[in-house]
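Trainee: starting from these lines, generate the structure:
(chains A and B)
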Amino acid sequence: MEKTSDLIGKRRKKIEDLKNKKIDLFPNDFNVAHTVRDIVSSLEGVPGSGTDEDFEYVVAGRMLAINRFGKASFIRFRDRTGQLQAYIRKDKIGDKAYGLFKQLDIGDIIGIKGTMFKTKTGEWTLLAHELKLVCKSTRPLPEKFHGLKDPEKRYRRRYIDLIVNSDVRKIFIKRSKIIQAIRTFLLERDFLEVETPMMQPVPGGAEATPFITHHNALGMDLFLRIAPELYLKRLLVGGFERVFEINRSFRNEGVSSRHNPEFTMLEFYQAYATYEDLMDLTEEMFAYVTEAAAGSTTISYQGATIDMGAKWRRVSLFEALEEYGGVDANLLKDKEKLLEIAASKGIKVTKTGRLGKIITKLFDVLVEPKLIQPTFITGYPVEVSPLSRRSDQDPDLAERFELFIAGHEIANGFSELNDPSDQKDRFLQQMADREAGDQEAHLMDKDYIEALEYGMPPAAGQGIGIDRLTMLLTDSDSIREVILFPHMKPKGD
RNA sequence: GGGCCGUUAGCUCAACUAGGCAGAGCAACUGACUCUUAAUCAGUAGGUUGAAGGUUCGAUUCCUUCACGGCCCA
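Mentor: You can find the predicted model right below:
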């Protein structure tokens, strides 16, 4: 039901014409021997004689620009490693091939055999001896100078975005490097990479609404995981003392510039470590990853300069509320007073209205946006940390931290609760909250309790949002800029 | 879910305060051109203005509803 535009129609005619000339539009017999990067690096330090008697390269790529003259043309093409200019001369490739070349379009994929020379302006250029069409493109690409700007088209047809917007390509290359660096960092520290279920009978490990799916043969509903946590900790019970998983979790919530229904998280667990050990480890990891992906430990994010290489400030939730939020720490056990403060600042408090929820809500609004430099916030109420170990000093507080950078939560870690009866009580409290109307409260996971009863070594674990970390390291203001195919509503036509 | 903004040629954008034949650049097509690089020069063609309805002699423009997107808020 698609309207055939004139441009596409013209190309189709051209394709018919080429077919009639027995030209294979989609061959797969061009043997690429070199990349643009190979060529460029082999020329380093070569002065460039301007002659064409040297080594013959065999490359392929997509044509992005053509400057045609009568009997010669300059083209610009790109492969996965970079861009290169080529010079196509009728007297070099022959009349027949030049005739074919004249019928090619920007966007076509071509193969070239040729040698390198320097143009008068000093640019290394591939002089084609042979030129072959490798894949015909039927649709016109966006304009060369402005590229594709419309965000809707960029996200829906990311492949075009990647062809014409080189900054976009760089973001996803960097994303890959970030994940690779994390993996290397953890593997070097003897962590084991694992995969745990994405379809779970009881969704756990976070406060969130899950997606529901159905297993036909078993006749049962399953839930797409909201976090891998409870399975990774079962592996601690099983004796894998250091595990990590980098993969998708799913939350059935609104879409925004910081939320995609499916997102990528790193979670890792280390036996015999505490949440304080993990703060140290996190500093090391972020310095390592930032250096590996960005080439420096200092980054620029939305105009702010952020130092990822230093030791970061550690401050308790209550102190932060006092310092950044102007909330008297003495009032933090007084629910009525806190509700007054919240109301006076126009902050809406969640349904159950438990003290811990009010405090964290106040924090989210009053403090979080102000934490630009990396900051660990510690001392969370146990009430809002149902999977965390209690502090030995204060049983109302959890041995937990969250990491904030550029005003956003980036990581959440804690010493793990491994006392099965305490864990059971926490689940029961969550179930009560759920009864009271908090639909995101954790569900009872009896199987997990049973696992704890076999004995889980003391441990600490942490989750890091990979998308948000990537946003940070690529200076992106929207999560959609770092997810190749962000969620979009289908557009009917 | 709410508020504001947007949707015009393949792409990037115009068409204003005031409703009056919908334009430009790039891309495309024809021709010239063997060192261009946002090539240049001459010419040609390209539109159901997101969809549906309304007001009007006349709607890209004003109104209503819907779809999709962006930003902000929840």
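
Trainee: let me see the ranges of the helices in the stretch 101-250 of chain A.
Mentor: With helices called from DSSP state H, counting those that start in this stretch, the stretch 101-250 of chain A shows them at A:151-156, A:158-164, A:166-188, A:229-237.

Trainee: now do stretch A:291-304: distance to the chain's middle.
Mentor: If you compare the mean C-alpha spot of stretch A:291-304 with that of the full chain, they lie 16 Å apart, counting by Cα atoms, centre = their mean, to the nearest Å.

Trainee: do that stretch and RNA strand B meet at all?
Mentor: No. Using Cβ under 7 Å from any atom of the strand, stretch A:291-304 stays clear of RNA strand B, coming no nearer than 10.0 Å. The C-beta positions use only the backbone N, C-alpha and C, and glycine is treated the same way.

Trainee: which parts of that stretch are buried?
Mentor: Neighbour counts using 16 or more other Cβ atoms under 10 Å place A:292-294, A:297, A:299, A:301 of stretch A:291-304 among the buried residues.

Trainee: what's the helix-or-strand element of chain A with minimal mean pLDDT packed up against?
Mentor: Ranked by mean pLDDT, DSSP states H and E, the weakest helix or strand in chain A is helix A:335-344, scoring a mean of 82. Contacts defined by 3 or more Cβ pairs under 8 Å, 6 or more residues apart in numbering; DSSP states H and E place helix A:335-344 against helix A:355-366.

Trainee: angle of the helix it packs on against helix A:335-344?
Mentor: Orientation check (axes from the mean of the first three to the mean of the last three Cα atoms, to 10 degrees): helix A:355-366 against helix A:335-344 gives 30 degrees.

Trainee: which of the residues in helix A:355-366 are buried?
Mentor: A:355-363, A:366.

Trainee: quick one: residue A:402 is in a strand?
Mentor: Yes. Judged by DSSP: H, G, I helix; E, B strand; the rest coil, residue A:402 forms part of a strand.

Trainee: per-residue pLDDT, it?
Mentor: The score at residue A:402 is 97. That number is its pLDDT.

Trainee: and which of the buried residues of stretch A:291-304 is nearest to residue A:236?
Mentor: Using Cβ to Cβ, the shortest approach to residue A:236 within the buried residues of stretch A:291-304 belongs to residue A:292, at 27.8 Å.

Trainee: is that closest one part of a helix or strand, or is it coil?
Mentor: Applying three-state DSSP: residue A:292 is helix.

Trainee: for it, give its distance to residue A:184.
Mentor: Noted for residue A:292: a distance of 8 Å to residue A:184, by Cβ to Cβ, to the nearest Å.

Trainee: nearest spatial neighbour of residue A:68, skipping sequence neighbours?
Mentor: Taking Cβ to Cβ, 6 or more residues apart in numbering, and ignoring the residues beside it in sequence, residue A:68 has residue A:102 as its nearest neighbour in space, at 7.6 Å.

Trainee: what of residue A:256?
Mentor: Distances taken as Cβ to Cβ, 6+ apart put residue A:479 closest to residue A:256, at 7.9 Å, once the chain neighbours are dropped.

Trainee: and if you look at residue A:416?
Mentor: residue A:459 (4.7 Å).

Trainee: quick one, phi/psi of that neighbour?
Mentor: Torsion angles at residue A:459 (phi, psi; degrees, to the nearest 10) stand at phi -160, psi 170.

Trainee: you'd agree residue A:317 is up against residue A:363?
Mentor: Yes. Under the criterion of Cβ atoms under 8 Å, residue A:317 lies in contact with residue A:363, with a separation of 6.1 Å.

Trainee: give me the common contacts of those two.
Mentor: Common contacts of residue A:317 and residue A:363, defined by Cβ atoms under 8 Å, 6 or more residues apart in numbering, comprise residue A:377.

Trainee: mind listing what residue A:314 touches?
Mentor: Counting by Cβ under 8 Å, 6+ apart, residue A:314 makes contact with A:279, A:375-376, A:378, A:401.

Trainee: quick one: secondary structure of the residue in chain A positioned nearest to RNA strand B?
Mentor: Among residues of chain A, the one nearest RNA strand B by Cβ to the nearest atom of the strand turns out to be residue A:70. It sits 2.3 Å away. For residue A:70, the secondary-structure state derived from three-state DSSP is coil.

Trainee: what distance do you get for it to residue A:102?
Mentor: The separation that residue A:70 has from residue A:102, given Cβ to Cβ, amounts to 10 Å.

Trainee: neighbour-wise, which of the two wins?
Mentor: For residue A:70 and residue A:102, the more surrounded residue by other Cβ atoms under 10 Å is residue A:102, and the numbers stand at 12 against 6.

Trainee: what residues go with each domain of chain A?
Mentor: Chain A breaks down into these structural domains: A:6-141, A:164-312+A:373-481 (assignment by automatic domain parsing).

Trainee: of those, which stretch is the most buried?
Mentor: domain A:164-312+A:373-481 (a mean of 18; mean count of other Cβ atoms under 10 Å).

Trainee: mind checking how far that domain is from the chain centre?
Mentor: Its chain's average C-alpha position is 14 Å from that of domain A:164-312+A:373-481, according to Cα atoms, centre = their mean.

Trainee: any weak-confidence spans in the stretch 1-150 of chain A?
Mentor: When residues are selected by pLDDT under 70, those of the stretch 1-150 of chain A lie in A:1-5, A:48-53.

Trainee: what about 90?
Mentor: Regions of the stretch 1-150 of chain A meeting the criterion pLDDT under 90 cover residues A:1-14, A:16-17, A:43-54, A:138, A:143-146.

Trainee: now the strands: where do they sit in it?
Mentor: Listed in chain order, the strands found in the stretch 1-150 of chain A under DSSP state E, counting those that start in this stretch are A:57-68, A:72-79, A:82-89, A:109-118, A:124-135.

Trainee: so, in contact with RNA strand B or not, the second one?
Mentor: Yes. Judged by Cβ under 7 Å from any atom of the strand, strand A:72-79 comes into contact with RNA strand B at A:72, A:74, A:76.

Trainee: isn't the second one right next to residue A:86, touching?
Mentor: Yes. Applying Cβ under 8 Å, one finds residue A:74 in contact with residue A:86, separated by 7.3 Å.

Trainee: what do those two both touch?
Mentor: In terms of Cβ under 8 Å, 6+ apart, residue A:74 and residue A:86 are both contacted by the residues residue A:125.

Trainee: who are the contact partners of residue A:183?
Mentor: Under the criterion of Cβ under 8 Å, 6+ apart, the neighbours of residue A:183 are A:193, A:246.

Trainee: again, 10 Å this time
Mentor: By Cβ atoms under 10 Å, 6 or more residues apart in numbering, residue A:183 lies in contact with A:191, A:193, A:244, A:246, A:266.

Trainee: who's the fourth one bridged to?
Mentor: Pointing back at residue A:246 there. Applying DSSP bridges to residue A:246 gives these bridge partners: residue A:266.

Trainee: check contacts around it.
Mentor: Residue A:246 makes contacts with A:179, A:182-183, A:186, A:193, A:195, A:228, A:264-268, A:464, A:466, as judged by Cβ under 10 Å, 6+ apart.

Trainee: from these, pick the one nearest residue A:26.
Mentor: Taking the contacts of residue A:246 together and measuring to residue A:26 by Cβ to Cβ, the closest member is residue A:179, at 33.3 Å.
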